[in-house]
Structures are given as C-alpha cells and as structure tokens.
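Chemist: dropping a prediction and its sequence here:
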Amino acid sequence: MQISMLNREALLDWLAGSYSPKASPITLRQLAKPLEADVALLWKTDQSASLTPVVLVKQRDLKEFYAFVSTYVSTYRPFSAFFHVLPYEEATSVAGLRDRRRPATIDVPDELIGVAIAEAYAQSRGKVRTVNELTVQGLQATLSATLFEFLIRGGELKEMHNIAEKWAAIRGNSSDPSLALGAEMILDVWMTIGAALNSPKTKKKSDVRSKISSSLKAALIEKSSLEDWFFPLTAGIPELGNAVSNMRLAREERVRTLPKAFSSLRQSNSDSTLKEFVVGGLLSMVSNGSFDQLKLLDETLQDFPKAALWFGVISSLQQRTDALTSGNCLGRRAVRDLKRPADLFTPPESDISFDELMILSEEALTADSFRTAHSSTISVALHGTVSASFRNPKTKRQDSDVQKSVDRANFDAEKFEELRFLLDRANRVVRNLQPSAQRDLFENHSKNNKRR
C-alpha cells in the first residue's frame with residue numbers, strides 16, 4: 001500500500017484534478033501510528049493505477065470533515081458514495097478485511113442465512129405469513145445478514161458491537177423503531193456463532209453461553225449430529241420431561257408435544273438463554289429444519305423472542321435444512337449478493353456512509369439532497385465495505401405527508417357532515433314553526449277585521 005498526506009486545501013485541489021500528491025509505501029504496522037496530517041489518501045498499489053484511494057481522517061475530526069466537504073465539494077455528493085472514508089484509527093482493521101473474492105479463512109456455512117430468514121419473519125410482526133412472501137431486500141435489511149457478511153469477510157468479533165449499534169441507530173431513524181427482536185438479541189446470537197467459528201480449543205466452561213458455543217462449534221466445525229450436540233443441553237431442564245425424545249415421533253405427535261413443553265418452560269427457573277435456545281431447537285426439530293414452517297414461531301415470540309433466531313441457527317445446521325432453497329431459493333439468492341466481490345480500493349457500492357448520514361439534518365435527509373440507487377431503500381456503509389439496507393427516510397416522510405393529508409381530509413369530511421346535520425336540523429325546526437306562525441297571523445288578522 002501507499003499513502004499520501006494532505007491538508008484540506010491540497011485535498012480540494014486533488015479532487016479538482018489540479019494536484020497530484022506524492023505517495024510513499026506503508027505497511028499495516030506503520031498504519032497504526034498516529035496521523036500527522038488533516039487527511040491521508042491510502043492507495044492499494046501505485047497511485048497512478050486506476051484505483052480509488054481510501055480517505056483517512058482522524059476519528060475526532062470526522063464530523064467536521066464531512067461538514068467541510070459538504071460545503072466546498074459539490075462534485076461528489078454525498079462524498080462517501082464515491083470514496084470510502086474511514087477513521088484513521090480503524091484503518092488497520094478495515095484494511096485487513098478480506099476481499100470477498102479470496103478464500104475464506106474460516107468456513108461460515110451459507111446455510112446460516114437461515115438466521116436472517118427467521119429474523120425477517122419475526123420483525124414483520126405478522127405481515128409476512130410464509131417464506132415465499134419474504135424478499136431478498138427484506139433479508140438484506142436484517143442485522144443478521146449484515147453480521148453474516150461481516151463474518152464471511154473475516155471481521156473481528158469485537159467490531160460486531162459497533163456494527164450492531166450503528167444498525168440500530170439507523171433503523172430507529174429510518175422506519176418504525178419498534179422491533180420484535182432488538183439489536184442486542186440478534187448481536188448476542190451472532191457473537192455466540194462467531195465465537196464457535198473463531199475460538200480455538202480451550203477448556204470447557206460451565207456457564208450456559210459457553211456450553212451453547214461449544215455445542216455450536218461441534219455442529220459447525222466437527223459436523224456432529226443433532227443428537228450429539230443439542231440433546232445433551234436439554235438435560236439441564238428437567239421440566240421438559242419427554243419433550244425432546246418425542247421429537248423422534250410422527251409429526252403430529254411432535255406438534256402436540258410443544259404446548260405442554262412450552263408451558264413447562266415458562267414456569268421453569270432454568271437460565272433464560274438456555275430456555276430460548278431449547279425452544280428454538282424444539283421448533284426446528286418439529287419442522288426437520290424446514291423454513292416452510294416459520295408460522296411455528298408465532299406462539300413463542302412473546303415469551304421466548306430470541307428462540308426465533310435459535311430456530312434459524314439450529315434449522316440451518318440440520319442435514320435436511322432448506323435454508324438456501326425454500327421460498328424459491330431466497331436464501332441462496334441473498335447469499336449470492338452478500339458474497340459479491342467488493343474491494344475497499346474501488347468506489348463504494350453503498351449510497352452513503354453511517355458517519356456522513358448521521359451529520360445530516362432531518363430536513364436534508366428527507367429532501368432530495370443526494371441520490372440513492374432505489375427510491376424506497378437506502379444502502380449505508382457500516383464498516384468498510386460491509387453495508388446494510390434500510391427504509392429510505394424520504395419514503396417515511398412521504399408516507400407521513402400522505403397520512404397527514406388523509407387525516408386532514410377525514411377531519412374536513414367530519415366537519416362537513418356535522419355542518420350538514422346542523423343545517424338539516426335547523427331546516428326541520430323552521431318547517432315545524434311555519435304552520436303555527438301562519439295560523440297565528442291569520443287569527444290575528446281575523447280578529448282585527450271583526451273589531452273594525
């Protein structure tokens with residue numbers, strides 16, 4: 001790699017094409033040293049090559065930098081749609097992310113996209129009834145899909161917290177912030193998966209989370225059968241009785257076993273994490289790993305919400321799983337996009353970066369201030385080339401305006417109906433008064449004539 005150190009004036013000249021900065025070689029170890037300039041351009045190879053450099057800025061100067069380019073750079077808007085802009089302090093870890101075209105350092109099964117399928121179903125809150133109604137875009141909007149991609153790229157587990165926090169922040173601003181499954185739940189499941197994939201052999205620990213991670217490790221890496229890695233965990237919950245062994249019976253018997261088992265688990269004092277894991281496993285065994293039975297999750301989302309994610313995990317690890325093929329190959333189609341080649345030293349594929357998005361005012365965000373690939377969604381870079389899709393805030397604003405218009409029309413209609421009712425009532429009163437008034441007038445007129 002090569003690096004060029006610039007001040008802001010030189011950056012503007014470089015963007016205008018009137019300045020060619022000098023670059024010098026740099027290693028990842030040297031990249032960890034403090035930045036001594038306003039901006040640094042990091043090149044993959046020689047700066048003369050037709051590759052886009054990564055723009056590095058100090059973490060504390062990031063907001064000010066975006067305010068600067070939004071003021072003085074009108075030829076690249078938003079700036080992060082054309083250049084990867086990273087905090088200099090994160091350059092080492094992000095630059096070390098593997099290009100998706102290179103072989104994986106760890107084997108992350110494609111079938112784990114099933115966790116995203118389960119998440120998308122649960123987050124729909126009943127709007128989606130079958131896997132066929134889910135879309136690729138819907139899967140890409142899940143935190144599970146983002147963390148799945150991050151693991152494929154060989155990302156470090158400690159960075160997953162940062163990604164989840166960013167995802168939750170954007171999700172809360174771009175659409176209904178109420179989630180059936182919170183970001184912390186989803187992160188916890190994926191941290192357990194990541195630990196199972198990355199952790200070396202260590203002494204077995206007695207806590208529940210470590211036991212679950214060890215069991216997943218046996219399934220993911222050692223390819224052990226469900227009876228070998230899942231069944232032993234259920235021994236710690238005596239309230240289950242014969243529920244687990246009944247999962248070997250006919251499907252009708254398995255379904256009949258669930259209500260009693262779930263009722264016992266609700267009253268059990270066992271660890272909540274273990275209970276949700278076991279519930280997810282039981283649901284998975286009822287369907288034999290099939291995602292065509294997502295409706296089984298409906299009865300557990302209230303009491304065991306994280307069980308939906310564990311259902312996705314355990315179903316994905318069964319031999320007969322259809323995580324990639326159900327819903328007309330929905331999972332396989334989503335994995336294809338997540339594994340699409342991407343390079344930090346090529347123009348970004350996302351519409352905007354998280355940091356630039358966060359400095360925009362609500363007015364700028366809801367206006368046509370920058371272009372997006374799709375009118376209804378916005379793609380946001382969360383960490384290097386790892387991005388996620390969200391509902392476009394502009395769409396939310398438009399929906400809000402439409403709703404206001406509808407409400408105003410309904411209000412005007414109600415006012416008109418009330419006015420019409422009052423006029424009709426007044427008209428009836430007048431009609432009732434007219435005969436008596438005419439009679440009084442006639443009688444008075446007759447009396448006057450007699451007096452004459």
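Modeler: Okay, I see it.

Chemist: residues contacting the residue positioned nearest the centre of the chain?
Modeler: Closest residue to the average C-alpha location of the chain: residue 142 at 3.4 Å, with CA atoms, centre = their mean. By CB atoms under 8 Å, 6 or more residues apart in numbering, residue 142 lies in contact with 116, 119-120, 123, 186. C-betas here are computed from N, CA, C, even on glycine.

Chemist: distance from the chain centre to whichever strand or helix holds residue 315, please.
Modeler: Residue 315 belongs to helix 307-316 when assigned by DSSP states H and E. When distances are taken as CA atoms, centre = their mean, to the nearest Å, helix 307-316 is centred 17 Å away from the chain's centroid.

Chemist: pLDDT on that helix, on average?
Modeler: Mean per-residue pLDDT for helix 307-316: 95.

Chemist: all helices of the stretch 301-450 of the chain, in order?
Modeler: Counting by DSSP state H, counting those that start in this stretch, residue ranges of the helices within the stretch 301-450 of the chain are 307-316, 326-338, 354-359, 362-366, 393-451.

Chemist: and the contacts of residue 142, which two are furthest apart?
Modeler: The span of the contacts of residue 142, defined through CB to CB, is set by 120 and 186 at 11.3 Å.

Chemist: report the beta-bridge partners for residue 41.
Modeler: With DSSP bridges as the criterion, residue 41 is bridged to residue 4, residue 55.

Chemist: measure how the helix holding residue 315 sits relative to helix 326-338, angle-wise.
Modeler: 90 degrees (axes from the mean of the first three to the mean of the last three CA atoms, to 10 degrees).

Chemist: helices and strands around helix 307-316, which ones?
Modeler: helix 113-123, helix 183-198, helix 272-286 (3 or more CB pairs under 8 Å, 6 or more residues apart in numbering; DSSP states H and E).

Chemist: any idea which of these is most buried?
Modeler: Compared across these, helix 113-123 shows the largest average neighbour count, a mean of 28 (mean count of other CB atoms under 10 Å).

Chemist: wait, residue 119 touches residue 181, no?
Modeler: Yes - Residue 119 lies in contact with residue 181 (CB atoms under 8 Å); the separation is 6.1 Å.

Chemist: any common contacting residues for the two?
Modeler: What both residue 119 and residue 181 touch, as defined by CB under 8 Å, 6+ apart, is the set 308-309.

Chemist: shaky segments in the chain?
Modeler: Applying pLDDT under 70 to the chain picks out residues 46-50, 95-106, 174-177, 199-205, 361-368, 393-421, 428-452.

Chemist: do that again at 50, thanks
Modeler: 99-104, 396-407, 409, 437-439, 441-442, 445-447, 450-452 (pLDDT under 50).

Chemist: how far is stretch 183-193 from where the chain is centred?
Modeler: Distance, centroid of stretch 183-193 to centroid of chain: 13 Å (CA atoms, centre = their mean).

Chemist: which outside residues touch that stretch?
Modeler: Against stretch 183-193 from outside (CB under 8 Å, 6+ apart): 112, 115, 119, 142-144, 147-148, 151, 157, 160-161, 164-165, 167-168, 171, 209, 212-213, 216, 220, 305-306, 309-310, 313.

Chemist: buried among those residues? Need that as a selection in PyMOL.
Modeler: Of these, the buried ones can be selected in PyMOL as follows, counting by 16 or more other CB atoms under 10 Å:
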select buried, resi 112+115+119+142+143+144+147+148+151+157+160+164+167+168+171+209+212+213+216+220+305+306+309+310+313
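
Chemist: just to revisit the earlier point, using CSV, write down the CA coordinates of the helix holding residue 315.
Modeler: This file holds the C-alpha atoms of helix 307-316, laid out as CSV (Å, rounded to 0.1, in the frame of the first residue of the first chain):
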residue,chain,number,x,y,z
ALA,A,307,-36.0,-18.5,20.2
ALA,A,308,-36.8,-17.4,16.6
LEU,A,309,-33.2,-16.7,16.0
TRP,A,310,-32.1,-20.0,17.5
PHE,A,311,-34.7,-21.7,15.3
GLY,A,312,-32.9,-20.2,12.4
VAL,A,313,-29.5,-21.3,13.6
ILE,A,314,-30.4,-24.9,14.5
SER,A,315,-32.6,-25.4,11.4
SER,A,316,-29.6,-24.2,9.3
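
Chemist: phi and psi next, for residue 43.
Modeler: Residue 43 adopts backbone torsions of phi -110, psi 150, taken as degrees, to the nearest 10.

Chemist: what about the residue lying closest to it once chain neighbours are set aside, distance to residue 281?
Modeler: Of all residues not flanking residue 43 in the chain, residue 2 sits nearest, at 4.4 Å (CB to CB, 6 or more residues apart in numbering). Distance, residue 2 to residue 281, by CB to CB, to the nearest Å: 51 Å.

Chemist: contacts only, for residue 323.
Modeler: 110-114, 117, 289, 291, 312, 315-316, 331 are the contacts of residue 323 under CB under 8 Å, 6+ apart.

Chemist: got CSV for those, with distance to residue 15 too?
Modeler: Putting the contacts of residue 323 into CSV (distance: CB to CB, whole Å) gives the following:
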residue, distance to residue 15
110, 40
111, 45
112, 41
113, 39
114, 44
117, 43
289, 53
291, 48
312, 45
315, 50
316, 46
331, 41
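
Chemist: tell me the contacts of residue 237?
Modeler: Residue 237 touches 265, 268, 270, 274-275, 278, counting by CB under 8 Å, 6+ apart.

Chemist: tabulate those residues (a markdown table), appending distance to residue 255.
Modeler: What follows is these, written out as a markdown table (distance: CB to CB, whole Å):
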| residue | distance to residue 255 |
| --- | --- |
| 265 | 16 |
| 268 | 21 |
| 270 | 23 |
| 274 | 23 |
| 275 | 20 |
| 278 | 17 |
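
Chemist: give me the number of residues near residue 341?
Modeler: 10 (other CB atoms under 10 Å).

Chemist: could you do the one 10 residues further on as well?
Modeler: By the criterion of other CB under 10 Å, residue 351 has 23 neighbours.

Chemist: from residue 112, how far off is residue 321?
Modeler: 10 Å.

Chemist: still on that earlier bit, between the helices and strands packed on helix 307-316, which gets nearest to residue 33?
Modeler: helix 183-198 (27.5 Å).
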